[in-house]
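Colleague: sequence and predicted structure are below.
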Amino acid sequence: MTTAGSPDHFAFKVLEHARRSALWRVAERPGPVPWLDPDRLAEQRALLPEPVYRQLFENEWTAAEGALLDPAMLEAAFCLAGPALERDPGAVYGAGLDLGGSRDRSVLAIGHRDGDAVFLDRMQVWQGSRRDPVSFAEVERFIVQTYRRFRFRLSIDPWQALDLAQRLRAHDIDVHEFSFTPVAKQRLAATLLSTLNAGRLRLYEADGLRDELLGLRLVQNAAGAWTFRPPTRRS
């Protein structure tokens, strides 16, 4: 007895055999179970990628793969004219830093919430190469200067930038260490999905942001847990 999952799962092969065999009795129930509250179902649909929702609640055997985000919903989110130039005195800002290597981008994103809406206020991108890697000193200077304007709390992956985090704390910047574990990645993806699907995300055309979001791919392991992977970059 199981809920539907990926057609690649061994349980689907057992089910197909049972459907064909006179020695098995197969009982299948499509659609959500009748005792679930419709509001709860709507909440789950907003939190989960559509294929995963169909597996868990519609009881459909479907492959959970492809684009993570709906392009039409994403298009509607790009509604801001540009980056914020000054701090809103009533806003509380948060920031995240993804520090790349010689070929990966390094990105600082700053945002805030206004009621239920989430705003991207500023995104800075540094693109390095093998011959000319990103200068972490330049990244540090930019963060210090921008912090004086927005007074954000900075989340940073300690595996990538423990030394940088220590130097930023010396400038009295509130640095929070955030580890990108599989559970944390799934929680981030669910938050992004629910915010986007509810029409509460406000973005502007920051450097490469649209392509990066459109390139996020849904992946699911053999146990049914889902997460995402970033776009594949060509060297």
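Modeller: Cool, got the structure. Residues are numbered from 1 along each chain as shown.
Colleague: ok, residue 206 - contacts?
Modeller: 83, 120, 123, 125 (CB atoms under 8 Å, 6 or more residues apart in numbering). For the C-beta atoms, the positions are set from N, CA and C on the backbone; glycine is no exception.
Colleague: for ChimeraX, what selects the buried ones among these?
Modeller: To isolate the buried members of these in ChimeraX, using 16 or more other CB atoms under 10 Å:
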select :120,123,125
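Colleague: quick one: which of the contacts of residue 206 is nearest residue 191?
Modeller: Using CB to CB, residue 120 comes nearest to residue 191 of the contacts of residue 206, at 14.1 Å.
Colleague: name whatever forms a beta bridge with the closest one.
Modeller: Beta-bridge pairing for residue 120 (DSSP bridges): residue 111.
Colleague: how far away is it from residue 159?
Modeller: Taking CB to CB, to the nearest Å as the measure, residue 120 falls 25 Å from residue 159.
Colleague: leaving out sequence neighbours, find the closest residue to the spatially most central residue of the chain.
Modeller: Nearest to the geometric centre of the chain sits residue 189, at 3.3 Å (CA atoms, centre = their mean). By the measure of CB to CB, 6 or more residues apart in numbering, the closest residue to residue 189 outside its immediate chain neighbours is residue 228, 5.0 Å from it.
Colleague: helix or strand: which one has the one you found?
Modeller: strand 226-229 (DSSP states H and E).
Colleague: so how far is that strand from its chain's centroid?
Modeller: 8 Å (CA atoms, centre = their mean, to the nearest Å).
Colleague: repeat that for stretch 172-188.
Modeller: For stretch 172-188, the distance to the chain centre is 12 Å (CA atoms, centre = their mean).
Colleague: likewise for stretch 104-113?
Modeller: With CA atoms, centre = their mean, you get 13 Å for stretch 104-113.
Colleague: for that stretch, list every residue counted as buried.
Modeller: 104, 105, 106, 107, 108, 109, 110, 111, 112.
Colleague: and which of those is nearest residue 136?
Modeller: Looking across the buried residues of stretch 104-113 and measuring by CB to CB, the closest to residue 136 is residue 106, at 8.1 Å.
Colleague: that older thread, make CSV from the buried residues of stretch 104-113 and add pLDDT and distance to residue 37 to it.
Modeller: Shown next, in CSV, are the buried residues of stretch 104-113 (pLDDT from 0 to 100; distance: CB to CB, whole Å):
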residue, pLDDT, distance to residue 37
104, 75, 43
105, 83, 43
106, 89, 44
107, 93, 39
108, 95, 41
109, 97, 35
110, 97, 37
111, 97, 32
112, 97, 32
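Colleague: can I see the domain layout of this structure?
Modeller: 10-64, 72-229 (automatic domain parsing).
Colleague: which residues does the nearest residue to residue 36 once chain neighbours are set aside contact?
Modeller: Among residues not flanking residue 36 along the chain, residue 57 sits closest, at 7.5 Å (CB to CB, 6+ apart). By CB under 8 Å, 6+ apart, the contact set of residue 57 is 32, 36, 41, 44, 45.
Colleague: just name the most buried of the domains of the chain.
Modeller: Neighbour counts (mean count of other CB atoms under 10 Å) averaged over each of the domains of the chain peak at domain 72-229, with a mean of 15.
Colleague: what helix or strand is residue 211 on?
Modeller: Applying DSSP H and E, one finds residue 211 within helix 209-214.
Colleague: ok, which stretches of this structure are strands?
Modeller: 66-67, 93-98, 105-114, 117-127, 153-156, 174-177, 201-202, 217-220, 226-229 (DSSP state E).
Colleague: I appreciate the help and will end here.
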